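# just a sequence and a predicted model for now, questions to come.
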Amino acid sequence: MYPKEENLSHYIKNAKKIEKINHQKKVRIAILSNFTITGLAESMRVKCHKINVDCSSYVSGYDQYNQEILNSESELYQFKPEITFLIIDSKNLFKENYDIFYTKSIKQRKEFVDKKLDELTNVVETFTKKSKSKIVISNLAIPSYSPLGILEIKDYGISQMILDFNEKLKTKLKDYNSIYIYDLFQFYYKFGEQNITDPQKIAIGDIKITFDYIPRLAEELLGYIKPYLGLNKKCIVLDLDNTLWGGIIGEDGFDGIKLGPTTSGNIFVEFQRWLLSLHNRGIILAINSKNNFDEAIKVIRDHKYMILKENHFASIRINWNDKIQNIKEIAKEINIGLDSIVFFDDDPRNCEIIKTALPEIMTINLPKDPSFYLPLIQSMNDFNTLKITNEDKKRGEIYHKQKQRVELKEKTDNLEKYLKKLETKVNIKNVDESTLSRISQLTMKTNQFNLTTKRYTEEKVRSMMNNSQMLIGGVQVEDKFGDSGITGTFIIKSENIEEWKIDTFLLSCRVIGREVEQAMMSCIVDKAKKEGVKRIIAEFISTKKNLPASNFLEKCGFENKGRHWVFDLSKEFKRPASISIDIK
């Protein structure tokens, strides 16, 4: 089951009505194709508007992507897109050879595949050299027909040729940081070739994707825009009864709930398996359930078919308290914004309550039939990332350790004793190819402790990394409970021989309040003094979310000079006594 989608006329009509407002984010996209793809730009603009993004678009002429990319003065480059989508049809790419491959030898067919692959990848590589835009290129859809009929599978026919093309395309482009491959083949597989294509529209206007499915294609491509803008979700909060298992534990009992190798029980097992796979690649899981704690936690700890265990949840609220208060406490404990949360519940009343009270949260009212839970979450594009970092892979473990830190803090008399017991160590690392993805990710997502909230793509971080006047540091934090990974970064501009300017200074919310920020600043101060710098200039740009950073510069001894804050390096800077610092 896929979510209901509006028809194309809805998007074209509403795209004209969008007024210029102060959107939360902005993005510039370009759409290139070798077939007619009417309405995609309008659909994406309306979908972006719904998530508070101002989307400007450029659409190239019919099958003009080669000319647009090869001409440095083309309108494409003048538009300066941030994300470029190149959607390719296999028949138009292979042209007149498409239907006569079977008159060629297998060797000639393979040579043809390699030739077309080289032509396309050379164009894409040219684009990456001329533009700072990320490019998303589609692979090729495989037709469901063949002149060979049932013998197609025994020959090196069109299906195998396209499979080879797609595999070689992935292999050749996978190491490019600014190039992504959209699986158009899976799009056709998911919705059905006979639904997506219409022979009459192909004949009339080379419309390879019917108007009804253009909005669905737009929804899939939105899955690249959300992580690019840092709008992807970090945390899934789950109900328990009729969500992670069938039935109600308080009424059906431990042995009566539906969870295990039966038709009704296996549905929940498979749903949990998918949630576990999301957890393993960095999505935080939490529980918000009205239940008796002892009964519910026994299922999580002891049920032999329970896939998700206690250590998979960063926060657990199983009680009879208000679910609104519970979810606020979960956000506070994990230290994330409410807009980073997706809430799943089978009860429409609970969903409506959360939607009304906490509209920042994406609330998902689960279908009445649990067999549709898995297709629903699989269809969501809110958990995509443009790259999975080491910190992402370890995030579940990191947040489980965070619970231990919270417990230690609650048992300790005061903050000073707590910080000493943590035995925190801060490692300052210069940015390199192994860390720049994480540093870019932090700039795109970190809001609460962020002095300027400037956002930088990997390409921008790389260009700054190669600039001798820039200093970029990644901040790795460890303590007695484990490694939190790279959780902070700073970017310094060397304005002149006497002055440094802090362009970016941020810290992940999960390590705020442990004096890590002071340790970071002390490293900058020490480095500046060694370089003979006289003063450090900083700026605090206030937003709705970065209040925790508002008085940091004053606490560090910076003096307010109107728009800027200045630290005189003739003064001493007090290092936090509870933290050991290692500069690499």
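Cool, got the structure.

# mind jotting down where the strands sit in the stretch 351-500 of the chain?
362-365, 424-430, 449-450, 470-479, 482-496, 499-507 (DSSP state E, counting those that start in this stretch).

# looking at those, which is buried most?
strand 449-450 (a mean of 26; mean count of other C-beta atoms under 10 Å). Yep, even glycine has a C-beta here, placed from its N, CA and C like the rest.

# off-centre distance for that strand?
19 Å (C-alpha atoms, centre = their mean, to the nearest Å).

# go on, stretch 172-190?
For stretch 172-190, the distance to the chain centre is 16 Å (C-alpha atoms, centre = their mean).

# can you check stretch 92-105 too?
Put simply, stretch 92-105 sits 39 Å off its chain's centre (C-alpha atoms, centre = their mean).

# can you give me the end-to-end distance of that stretch?
21 Å (C-alpha to C-alpha, to the nearest Å).

# and it, average pLDDT?
With pLDDT averaged residue by residue, stretch 92-105 scores 80.

# ok, stretch 130-146 next?
92.

# now do the buried residues in that stretch.
For stretch 130-146, the neighbour count (16 or more other C-beta atoms under 10 Å) marks 131, 133-143, 146 as buried.

# one more: stretch 560-580?
For stretch 560-580, by 16+ other C-beta under 10 Å, it's Trp565, Val566, Phe567, Leu569, Phe573, Arg575, Pro576, Ser578, Ile579.

# again, but for stretch 532-542
Val533, Arg535, Ile536, Ile537, Ala538, Phe540.

# thinking again about what came up before, mind putting the strands of the stretch 351-500 of the chain into TSV with distance to Gln194?
TSV is the format used below for the strands of the stretch 351-500 of the chain (distance: least, C-beta to C-beta, whole Å):
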stretch	distance to Gln194
strand 362-365	30
strand 424-430	54
strand 449-450	49
strand 470-479	51
strand 482-496	47
strand 499-507	50
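
# dump those strands into TSV; add mean pLDDT and distance to Leu93 as well.
Converted to TSV, those look like this (pLDDT from 0 to 100; distance: least, C-beta to C-beta, whole Å):
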stretch	mean pLDDT	distance to Leu93
strand 362-365	96	38
strand 424-430	90	44
strand 449-450	93	44
strand 470-479	92	41
strand 482-496	91	41
strand 499-507	95	42
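
# all strands for the stretch 151-300 of the chain, in order.
Counting by DSSP E, counting those that start in this stretch, the strands of the stretch 151-300 of the chain are 179-182, 235-238, 284-290.

# which residues sit against the second one?
Strand 235-238 is contacted by residues 244, 275, 278, 283-289, 314, 327, 330, 334, 336, 340-345 when judged by C-beta atoms under 8 Å, 6 or more residues apart in numbering.

# let me see the confidence value for Leu436.
88.

# I'd like the distance from the longest helix along the chain to the chain centre, please.
Using DSSP state H to define each element, the chain has its longest helix at helix 106-130. Distance of helix 106-130 from the chain centroid (C-alpha atoms, centre = their mean) equals 30 Å.

# what does stretch 206-223 give?
For stretch 206-223, the distance to the chain centre is 21 Å (C-alpha atoms, centre = their mean).

# repeat for stretch 341-356
Offset of stretch 341-356 from its chain centre (C-alpha atoms, centre = their mean): 23 Å.
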